[in-house]
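Student: sequence first, predicted model second:
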Amino acid sequence: MSDLEQQARPSSDNKLWKEKWKENKKVHSKHERVEDEARKEKKKKRRKRKRFEEPSESVVHDGDNDNNDIDHNQLGRDADKEQRTRKKKEKKEKKHKTLKSDGDDDHMLEQRKQDGASEKKTQQSNLKRYFPFEYQHIVAPMVGASELAFRLLCRKYGATLAYTPMMSSTQFVHEASALDKSDPNQTIANSNICEFQTIPQDRPLVAHFSANNPQHFAQAAKLVEPVCDAIDLNLGCPQRTAYLGHFGSYLLGDEDRQLVLDIVKAGSQSVTIPIFVKIRLLDTVEETIKLCHQLRDAGASLIAIHGRYRASWERTGPGARDGPAMLDQIALVKKSMPDFPIISNGNVITYDDVVGNQQFTGADGIMSAEGILNNPALYLPRLGDAINDADKEVVLPTLSPLNKRTTVGYTPGKQDKVLRKLNKKLREIENIEAKVKESGENSINEDQSIKLSAKSKILAEIMEVERSDLDHNRKKSTEQTESSVATYYSTKVKLSQLYKNANNKLALAKEYLSLVRRYPMKIRSVVFHTRRMCKELLEKYQLMEECIASRTTDEVEVVLNKCECYIRSPETFKYDLEKEAREKEALKRKREEEGKRKAFEARMVRKAKREGLADLNHYLRIGAEIPTVDVVKRLKSYSKEECLAAWKKDHSQHCMSFHLDEGGCKRDRACAFLHVEAKDGEKFDEKEALKRKR
């Protein structure tokens, strides 16, 4: 028997108590209580009439002899006493706004009040856990990959929620402080801080931050709160830069547990939108379950779990991406938290995998990274069947330009039509240029030559239209307040058309490029998405090397146009064995370049072994200190020789070009040095952090 039963149960175990206990265990809504009160009032009147018609011998009707009254908890109230206390009781019931049934004592009433208050508190705490948007089909956060253009493409083909790429909360706060607040058209949404871009149609959106400082995380969350629907803390990044920067999965150790909980708590208290957390599995499922419960109690409203173990510096045991995701452990976590949103991440390539993953784990949603990179239309089947629902209409929003304030609605007009026509002419010219580059100037006719010579004029007209549109936006944004209600336009497309595009990877890639032109992104991201979407075609027609070598969006489109030509006229393509050999050699060279960092680490560990050092990472710690923002600014004013000497002294493992060159490091992933964002003066002591890792 529970404590509540022992407290509420009277001394006698009779039928009256059983009836009352059953009534007290029910959780009535306000409407049900009113109905219950009316029924009990009728029952009371019937009992009262019966008593007057057939008075019981055991009931004393002498109102002056109170000592002879029968205990009302066992046999019911005396009819005369009911008449004397009825008005008093009705006032009491009205005051408490609750029904006090026959035989209830003050303790039971107090217990009801406490239960009601507890239920209300629980409902309030759940407001951030259950969201006004769908979160079953999610685009995962991907560095340099889940940018605005790709998110919009995935949303069109079925994704319901998308994460931004990982952003450093410290860097975000630092760069946001430099924004020109006097410019009404410059906002967080279009400022490109940490490559963050969004528009009103890019919703629901989760801003994904790395952090090791509660205050910086809270400040960054506050900055993006108006333009997103949730904030996410990265506790899953396995890269070496995360180790040196002290964030991601390297915060999942017991020594940093309180720091992590403080970060989540600070974020939850600073914003009104939910705080999400993305984690990896810990060494045992029990530890993972404990962590999830702690994150929930600290203020997290949703947890996404990548079903692989967290990475370690020594890379002992299962690595960051080794083998399939362990969905069985995610299922156990969800089973331990049935009323809390858990997202499963891993082992998703097709939509059948999406359905199977959700059924197996019981997760509230599925997050995909690798699968959706290969196929941005991964979630399209959720909208309907390609055959049975072919005529179903899907509503798609008209996309706003990036330079508009996110709080102002976007109205397509005459300028948009002009811009579309000009872009169409420009694409035609680019196709002609591709033909000239491939077959020479003699391959085009006189009309095509005239169009080719008009390219500079077309580009000038496009710039003029965009400039006038910008002026119009700036004028309109000053006329409307931040509280103005946005009005968005939409179009309807048949599901069959979406399936037609989804089944044509070349069409998907071209659609992505059109979004990139509107919402610019670094060329390495454009090339990355193009080669992932069109991998089979690029390899089939030996164009992969040319795609990777592209330096502009136009060059990438030229490669896709070549693929299109070969598809239309297969006889024009001839397989080149020499080119195949060159591509294999280039791939081998690329892998060797990307493996230089691992080779360097292995050499340093072997050197420490030869010298008999107890700390095998001794040489890996030399020059590993991350440069601060102030150091980078100071070094930029030095001469090249002075700069190189100062850099080798403290930061020799870090890429100097990444921090000091205007365009960053051109070697990108092939660089053997570390690419880690500069820290500010308030960040943790790197040497102390490295000592803790020993």
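Tutor: Structure's in. What do you need?
Student: wait, what's in contact with Ala390?
Tutor: Residues near Ala390 by C-beta atoms under 8 Å, 6 or more residues apart in numbering: 494-496, 499. Heads up, the C-betas are built off the backbone N, CA and C, glycines and all.
Student: correction: Lys451
Tutor: Contacts of Lys451 by C-beta under 8 Å, 6+ apart are 425, 428-429, 432.
Student: for Ile289, same thing?
Tutor: 332-333, 336-337.
Student: pLDDT score for it?
Tutor: For Ile289, the model assigns a pLDDT of 96.
Student: that one: what secondary structure?
Tutor: helix (DSSP: H, G, I helix; E, B strand; the rest coil).
Student: separation between it and Leu281?
Tutor: 10 Å (C-beta to C-beta, to the nearest Å).
Student: weed out the non-buried ones from the contacts of Ala390.
Tutor: Buried by 16 or more other C-beta atoms under 10 Å: 495, 499, out of the contacts of Ala390.
Student: next step: the contacts of Ala390 restricted to helices.
Tutor: 495-496, 499 (DSSP state H).
Student: nearest to Ser514, of those residues?
Tutor: Among the ones in helices among the contacts of Ala390, Tyr499 lies closest to Ser514 (C-beta to C-beta), at 19.3 Å.
Student: which residues touch that closest one?
Tutor: Per C-beta under 8 Å, 6+ apart, neighbours of Tyr499: 380, 386, 390.
Student: straight-line length of stretch 249-263, end to end?
Tutor: 14 Å (C-alpha to C-alpha, to the nearest Å).
Student: kindly report the same for stretch 170-189.
Tutor: For stretch 170-189, the end-to-end distance is 18 Å (C-alpha to C-alpha).
Student: what stretches of the stretch 101-250 of the chain score poorly on pLDDT?
Tutor: Across the stretch 101-250 of the chain, the ranges flagged by pLDDT under 70 are 101-130, 180-186.
Student: returning to what we had before: filter the contacts of Ile289 to the buried ones?
Tutor: Buried, going by 16+ other C-beta under 10 Å: 332-333, 336, out of the contacts of Ile289.
Student: among those residues, which lie within helices?
Tutor: Filtering these for helices - DSSP H - leaves 332-333, 336.
Student: so which of the residues you listed comes closest to Leu660?
Tutor: Distances from Leu660 to those, taken by C-beta to C-beta, are shortest for Val333, at 44.4 Å.
Student: was I right about that closest one contacting Val285?
Tutor: Yes: counting by C-beta atoms under 8 Å, Val333 touches Val285, with 7.2 Å between them.
Student: the helices in the stretch 301-450 of the chain, which residues?
Tutor: 327-336, 351-361, 370-374, 414-439, 446-453 (DSSP state H, counting those that start in this stretch).
Student: on contacts alone, who are the packing partners of the third one?
Tutor: Going back to what we said before, that points to helix 370-374. helix 523-533 (3 or more C-beta pairs under 8 Å, 6 or more residues apart in numbering; DSSP states H and E).
Student: returning to that earlier point: and the ones in helices among the contacts of Ala390 as TSV, adding distance to Glu41 and pLDDT?
Tutor: Listed next are these as TSV, based on distance: C-beta to C-beta, whole Å; pLDDT from 0 to 100:
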residue	distance to Glu41	pLDDT
Leu495	57	94
Ser496	62	94
Tyr499	63	95
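Student: now those in a markdown table, with distance to Tyr541?
Tutor: Formatted as a markdown table, those follow (distance: C-beta to C-beta, whole Å):
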| residue | distance to Tyr541 |
| --- | --- |
| Leu495 | 31 |
| Ser496 | 28 |
| Tyr499 | 25 |
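Student: between the residues you listed, which is closest to Pro570?
Tutor: Tyr499 (24.6 Å).
Student: from Arg280, how far off is that closest one?
Tutor: Distance from Tyr499 to Arg280, by C-beta to C-beta: 35 Å.
Student: low-confidence stretches in the stretch 501-650 of the chain?
Tutor: Those would be 593-594, 597, if you go by pLDDT under 70 across the stretch 501-650 of the chain.
Student: quick one, strands of it?
Tutor: Remark: no strands are assigned in the stretch 501-650 of the chain by DSSP state E, counting those that start in this stretch.
Student: assign Phe276 to helix, strand or coil.
Tutor: strand.
Student: that one - how many residues pack around it?
Tutor: By other C-beta atoms under 10 Å, 27 other residues sit near Phe276.
Student: try Lys421
Tutor: Lys421 has 13 nearby residues by other C-beta under 10 Å.
Student: measure it to Leu233 for me?
Tutor: 46 Å.
Student: Lys640 now?
Tutor: 40 Å.
Student: among those two, which residue is more densely surrounded?
Tutor: Leu233 (26 against 8).
Student: leaving out chain neighbours, which residue sits closest to the more buried one?
Tutor: Distances taken as C-beta to C-beta, 6 or more residues apart in numbering put Val277 closest to Leu233, at 4.9 Å, once the chain neighbours are dropped.
Student: closest to Leu644 out of the contacts of Tyr499?
Tutor: Leu380 (52.6 Å).
Student: can you dump the C-alpha coordinates of stretch 141-148 into CSV?
Tutor: Output of stretch 141-148 as CSV, limited to C-alpha atoms (Å, rounded to 0.1, in the frame of the first residue of the first chain):
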residue,chain,number,x,y,z
PRO,A,141,24.1,19.5,-38.6
MET,A,142,27.1,19.2,-41.0
VAL,A,143,30.1,21.4,-41.1
GLY,A,144,30.2,23.3,-44.4
ALA,A,145,27.3,21.2,-45.7
SER,A,146,23.9,22.0,-44.0
GLU,A,147,24.0,25.6,-45.2
LEU,A,148,20.9,27.6,-46.3
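Student: any idea how far that stretch is from the chain center?
Tutor: Here stretch 141-148 is found 11 Å from its chain centre; the criterion is C-alpha atoms, centre = their mean, to the nearest Å.
Student: give me the buried positions along that stretch.
Tutor: 141-143, 145-148.
Student: give me the subset of the residues you listed lying in helices.
Tutor: Reading helices off those with DSSP H, I get Leu148.
Student: so which of the buried residues of stretch 141-148 are in strands?
Tutor: Applying DSSP state E to the buried residues of stretch 141-148, no entry is found in strands.
Student: hmm, which two among the buried residues of stretch 141-148 are most spread apart?
Tutor: Taking C-beta to C-beta as the measure, these span a maximum distance of 14.6 Å, between Val143 and Leu148.
Student: state the distance from Val526 to Val516.
Tutor: From Val526 over to Val516 (counting by C-beta to C-beta), the distance is 5 Å.
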